[in-house]
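Asks: attaching a predicted model along with its sequence, questions to come.
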Amino acid sequence: MKSKVPVIIGSIFAAYLAFVAVVVLVYEPTPDDMDWEDRQAYNNAKLTELSIGQPIEQIKTLMGKADFSEAKSTNQDTLQVLFYRTHHSKSDGETTRDECTPLLFKNNKLIAWGQDTYQQYLDSPIGG
């Protein structure tokens, strides 16, 4: 009488290999799961996909959690700035604002991004 144990073990091993192959081919880490170098490259790539007027929730879905954020409200408008790491400055183990690109939202819609825009926001009566 032949034993079925090798067939069962072989079947389990084949199923395991198929599972691993599917995970490796299909799984994409979220931005929050990436190390800083991968996240930085990811953020730079995603910045090219942005367009003025996009809702803040769509940006958060696309780019993940911001490294920093600021917000200000006036009688008419709400301004929010999300900072995403995009360039390495110094190897100190910490992400700082000077290593990030700011995205500026007015009433939850993207209106601008980049360092010059952030400085204009700081210099404006509503931003400062």
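Replies: That came in fine, so what should we check first? Numbering: from 1, shown residues only.
Asks: where do the helices of the chain begin and end?
Replies: For the chain, the helices defined by DSSP state H occupy 5-26, 36-47, 56-63, 115-123.
Asks: pLDDT on the last one, on average?
Replies: Right, helix 115-123. Per-residue confidence for helix 115-123 averages out to 78 on the pLDDT scale.
Asks: buried ones in it, by neighbour count?
Replies: Applying a neighbour-count criterion of 16 or more other Cβ atoms under 10 Å, one finds 117-118, 121 buried in helix 115-123. For the C-beta atoms, the positions are set from N, CA and C on the backbone; glycine is no exception.
Asks: distance of Q54 from L110?
Replies: For Q54, the distance to L110 equals 5 Å [Cβ to Cβ, to the nearest Å].
Asks: my bad, K65
Replies: Using Cβ to Cβ, we find K65 at a distance of 17 Å from L110.
Asks: for those two, indicate the residue with more neighbours.
Replies: Higher neighbour count among K65 and L110: L110, with 20 against 11, using other Cβ atoms under 10 Å.
Asks: circling back to that earlier point, mean pLDDT lowest where, among the helices of the chain?
Replies: helix 115-123 (a mean of 78).
Asks: gap between that one and the chain center?
Replies: 22 Å (Cα atoms, centre = their mean, to the nearest Å).
Asks: count of neighbours near L79?
Replies: 18.
Asks: gap between it and G10?
Replies: Using Cβ to Cβ, which is the criterion applied here, L79 is 62 Å from G10.
Asks: and T48, by the same measure?
Replies: T48 sits at a distance of 48 Å from G10 (criterion: Cβ to Cβ).
Asks: cool, Q119 as well?
Replies: Counting by Cβ to Cβ, the gap between Q119 and G10 amounts to 65 Å.
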